[in-house]
Each structure stands twice: as C-alpha cells, then as structure tokens.
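[1] Whatever this is, show me its structure:
(chains A and B)
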Amino acid sequence: MIFLLMAYALIFLVNVPGLVKRKERKELVVFFILYIIGFVLGLMYALDIPIPSPMKGLQYLISDKLGLKYPQH
Amino acid sequence: MGTDKGKINGRQLLFMFAGFIQGSALLIDFTVGITEHQTWMVILAGLIVTIPFILSYAALAKRFPGNDLVRINDMVYGRFIGKALSLYYIFFLSMTLSFNILDVGELYVNFLMPDTPFFFLLSVFAAVIAYAVYKGIEALAKVSHLFVATSLFVIITTSVLLADQMDFSRFLPLFELPFIKLLQGIHIMSIIPFGETIAFLMIMEHMNDTKGPARYSFFGVLVGAASLLIVSVRNTAVLGRTQTIWTSPSFQSIRLIDIGTVLTRMDFLIGIAQTMLIFFKCSIFLYALTTALSQLFGLKSYKPLVLPVVGIEVIIAATVFQSPVDHAEITQNAGIIYSAPLIYLFPPLTLLIAKIRGLPKTERSRGK
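    Now for the predicted structure:
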C-alpha cells in the first residue's frame, strides 16, 4: 500500500506541475483519467480485491460462446 | 506528424524489427508443447504466411507518409469507425504489452531470482521501459543494433558450446504431427513473433528514408526469424522430444553446457539476453500504445501518458492470468484468435480501400 501511494505521488509530481504550467488542459484530463484508473486498479490489487481479467472475458466469448478454439491435445 | 518528432533511418528500423522478433525467443515455448520436434518447420511456415502481411504494413506506411495507424484508420474508415478500429488496436497493444511484462516477471521468478517478490520485479521492469519510452523513439532506435548483436552473440555462442550434445536424428520423423496441430502452431507463430510487428505502424512514420520501409522491414524480420530458427533447432537437437516437458526448453538446453567443468551454468547468458530483448520489445509496445492513445485523444505529446499507462499495465500483467498454464492455454486459443483480424484482415483491407478511394491524395486535395 505504501509502495502504491509513493509510486502514484511520484507519477503526480513528475507530470502534473509541467502540464499545469504549460496549460495543457486536454493532456491533463487524459492523464487524470488514466491516473485514476491505474490508482483504483492498484488499490484493488493491494487490498486483494479480485480484478476481472479481460482475457478471461475474451476466452469466454471466443472459445465458450462462439466455439472458436483449437481441439485440446 | 505524430506526437514525437524523432527520426529513424532504414538501418535502425531493420535492427528494431530484428530485436523485436528476437524478443519473442522464449515465447516459441508456447508452440513447442504442440508442435514438439517440428517447431522449426512451424517457425518457417509462420514466417512465410506472415511476410506478405508485414509487407502490407510497410506499404501502408509508405502510402501514408508521416501518418501513424490511428490517423490512417481515421482517413480510410472515417472518424467513427476509424476510432473504433484504433481502440481495438489499442486493446491489442495494451494486452500484448502486459503479457510481455508478465513474461519478464515469470522469467525472473522461475529461473533467475526466485526469492524476489513478483510484483516488485514487474514494477522495476516497467519503470525502466517507461524511462526508455520517455526518451523517445530516436533513443531506442540508436541502441537497437546493440540488442540484436548481443542476442546473436548469445544464440550463436550457446549453439556452438552445445554442438557436442546435438543429435540431428531427434528431428525425425518429419511430418508426423496431425494437420490441426501444425495449423495451430503456424497460427501462434504468425501472430506472436511476427504479427505483433503491427506495432511498427506507430513507428514507421518516423522514417526519414524516402525509399520506404518495406525492404528494411523484410530483412529485419528475416534476421529475427533466423534467430528464432537457430534457437528452435538448438533446443530440439539437444533435448529432442523431452523439450515438451520443460517450462523453458532454452534454459534447460543451456544448463547442459559443460565444457571441461569450467564453462557451466551458462543460463545467465539467456537471462541477460532475454531481459534486454523483452525490454526492447516492451519499450516498442509501450511507445506504440502511448502514441496511439495520444493520437486518439488529439494530444500534443504522448509523454504525460507514459507513467499512468505503465501503472495500469503492471496491474494487468500481475492479474491477467492465474497461472503459467492459464497463460499458455488462453494465448494458444482466444489470444491468437481475437488478434487475427488486426494482423491479417485490417491492414490489407485498409490498403485496398485506400487504393480504391485514391487516398491519401483525395484527403490532401480536400484539405486544400
């Protein structure tokens, strides 16, 4: 948890002052969207909350629902 | 012009292609369990199948000079479908990057540093690739030849040192596998080492060579494929059918090097070479991913996105698969199937539509 907070504080300090100074609003908005997604995912990982795997979802859709898979050997 | 002003020349592109493909040397293990001692054939067949598609990427880059994949999609398919297609590519880049970060973690935890926390390894590695990408494509291109040279040195040296343990009768019998296994092996090979070069459509716009990227891409792919072929032949000649039972045939074969009990435990060489090459491959993926995102949102620079994206990728890498078995099973089926349209279908289709619509000339005249 401390590692996560330190990492995200560092990411904030490296990027945000420069973006604010240069008044890059669009960059700042996209940065914060990704920053918040990353922080929430990191928090879930640190707190052992299960994170859904996109590949598991794809496997369910492609292999289980559409039946597109190679035969098991 | 994209969000990075760096320039690369044709020779650098060649080395980037070669290093990128060499970075998949450990990933041929996904195929070894299926195609056993015929993996070398599958590598060759995968190369032959994928070369025309890779040339179609180069043709697209030549047709749309100074434009990356996201802008090409916008021009050819329009803003709405173009953006949707770019999102599909971004998902592919994001997933593939996380798999490669995971590969490094598994490499270290299984073979090199088993007592180090897995998440710590992923984070440190991701921080290093973030730093490299922050420096821009030109910096990566300038060192690409060093990665390729190191990799070739390790592959050739280890093959020579293992020469006395090679038995070429282990390649027999030929054409023994059922067709479906060969097909799956070729599919894996054509997507994982070769098809992933689609990421270069975010890089080729930086070329300063007017002759176009086709021949450099072609020869780069050949160097990379030759490296994979030597690795596969070495592993099969040394381990034979037993290579299917090892987690990593490359590590296992290198561990057998024993020259007068002096030159032993050479597996650290594979560790060094693979760390460098996967670092290089991940850097290219991260660069492609962040520049694609910055293009999609119309940003001036990709750099503010590098660290937040890396933060997300590390978590995906740590959680996407439950185990190495899960990793192999999903990659060998859903992983290669969902990415097939991005590699086989859309680039030639985009090229065809561009030719029919006379793009980008029409686009330019509309601008005037």
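
[2] CA only for contacts and neighbour counts going forward, please
    OK.

[3] which residues touch residue 4?
    Picking chain A for this. Applying C-alpha atoms under 8 Å, 6 or more residues apart in numbering or on different chains to A:Leu4 gives the contacts A:Phe39, A:Gly42, A:Leu43, A:Ala46.

[4] was after chain B, sorry
    So B:Asp4 contacts B:Gly136, B:Ile137, B:Ser301, B:Tyr302 (C-alpha under 8 Å, 6+ apart).

[5] ok, the last one to B:Asn67 distance?
    Relative to B:Asn67, B:Tyr302 is positioned 15 Å away (criterion: C-alpha to C-alpha, to the nearest Å).

[6] what do you get for the first one?
    Distance, B:Gly136 to B:Asn67, by C-alpha to C-alpha: 17 Å.

[7] So which of these two has more stuff around it?
    B:Asn67 (22 against 18; other C-alpha atoms under 10 Å in any protein chain shown).

[8] How many residues are close by the residue nearest to the more buried one when sequence neighbours are not counted?
    Nearest residue to B:Asn67, sequence neighbours excluded (C-alpha to C-alpha, 6 or more residues apart in numbering or on different chains): B:Glu205, at 5.5 Å. When neighbours are defined as other C-alpha under 10 Å, B:Glu205 has 23 of them.

[9] so is B:Glu205 in a helix, a strand, or just coil?
    Classification of B:Glu205 using DSSP: H, G, I helix; E, B strand; the rest coil returns helix.

[10] how far away is it from B:Leu228?
    Distance from B:Glu205 to B:Leu228, by C-alpha to C-alpha: 27 Å.

[11] what about the closest residue to chain A within the stretch 1-150 of chain B, neighbour count?
    For the stretch 1-150 of chain B, the residue closest to chain A is B:Ile34, as judged by C-alpha to the nearest C-alpha, at 7.6 Å. By the other C-alpha under 10 Å criterion, the neighbourhood of B:Ile34 contains 20 residues.

[12] Run the chain-centre distance for whichever helix or strand it is part of.
    Using DSSP states H and E, B:Ile34 falls within helix B:29-35. Using C-alpha atoms, centre = their mean, to the nearest Å, the mean C-alpha position of helix B:29-35 is found 17 Å from that of the whole chain.

[13] Can you list the helices and strands that it packs against?
    When contacts are defined as 3 or more C-alpha pairs under 8 Å, 6 or more residues apart in numbering or on different chains; DSSP states H and E, helix B:29-35 packs onto helix B:39-63, helix B:179-189.

[14] By mean pLDDT, show me the worst of these.
    The minimum mean pLDDT among the helices and strands packed on helix B:29-35 belongs to helix B:179-189 (a mean of 90).

[15] Which secondary structure elements does the next helix or strand along the chain from that helix sit against?
    Scanning forward in sequence from helix B:179-189 by DSSP H and E, the next helix or strand is helix B:214-239. Helix B:214-239 makes packing contacts with helix B:10-22, helix B:39-63, helix B:137-161, helix B:249-255 when contacts are defined by 3+ C-alpha pairs under 8 Å, 6+ apart.

[16] Recalculate using a threshold of 10 Å.
    helix B:10-22, helix B:29-35, helix B:39-63, helix B:137-161, helix B:249-255 (3 or more C-alpha pairs under 10 Å, 6 or more residues apart in numbering or on different chains; DSSP states H and E).

[17] contacting residues for the closest residue in space to B:Phe219 that isn't next to it in sequence?
    Counting by C-alpha to C-alpha, 6+ apart, the nearest residue to B:Phe219 once its immediate chain neighbours are dropped is B:Leu14, at 6.4 Å. Going by C-alpha atoms under 10 Å, 6 or more residues apart in numbering or on different chains, B:Leu14 touches B:20, B:141, B:144-145, B:213-224.

[18] Give the helix, strand or coil label for B:Ile257.
    From three-state DSSP, the assignment for B:Ile257 is coil.

[19] ok, how many other residues are close to it?
    Neighbours of B:Ile257 (other C-alpha under 10 Å): 23.

[20] for chain A, what's the longest helix?
    The single longest helix within chain A, with elements called by DSSP state H, is helix A:25-46.

[21] After that helix, which helix or strand is next? Please name it.
    helix A:54-59.

[22] could I have stretch B:209-223 exported to PDB, CA atoms only?
    The C-alpha coordinates for stretch B:209-223 follow below in PDB (Å, rounded to 0.1, in the frame of the first residue of the first chain):
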ATOM      1  CA  ASP B 209      14.200   7.200 -45.800                       C
ATOM      2  CA  THR B 210      12.200   8.100 -48.800                       C
ATOM      3  CA  LYS B 211      12.600   4.600 -50.300                       C
ATOM      4  CA  GLY B 212      10.000   3.300 -47.800                       C
ATOM      5  CA  PRO B 213      10.200   0.800 -45.000                       C
ATOM      6  CA  ALA B 214       9.500  -2.400 -47.000                       C
ATOM      7  CA  ARG B 215      13.000  -3.800 -47.600                       C
ATOM      8  CA  TYR B 216      14.200  -2.800 -44.100                       C
ATOM      9  CA  SER B 217      11.200  -4.500 -42.500                       C
ATOM     10  CA  PHE B 218      11.700  -7.600 -44.700                       C
ATOM     11  CA  PHE B 219      15.300  -8.000 -43.800                       C
ATOM     12  CA  GLY B 220      14.700  -7.200 -40.100                       C
ATOM     13  CA  VAL B 221      12.100  -9.900 -40.000                       C
ATOM     14  CA  LEU B 222      14.500 -12.300 -41.700                       C
ATOM     15  CA  VAL B 223      17.200 -11.700 -39.100                       C
END
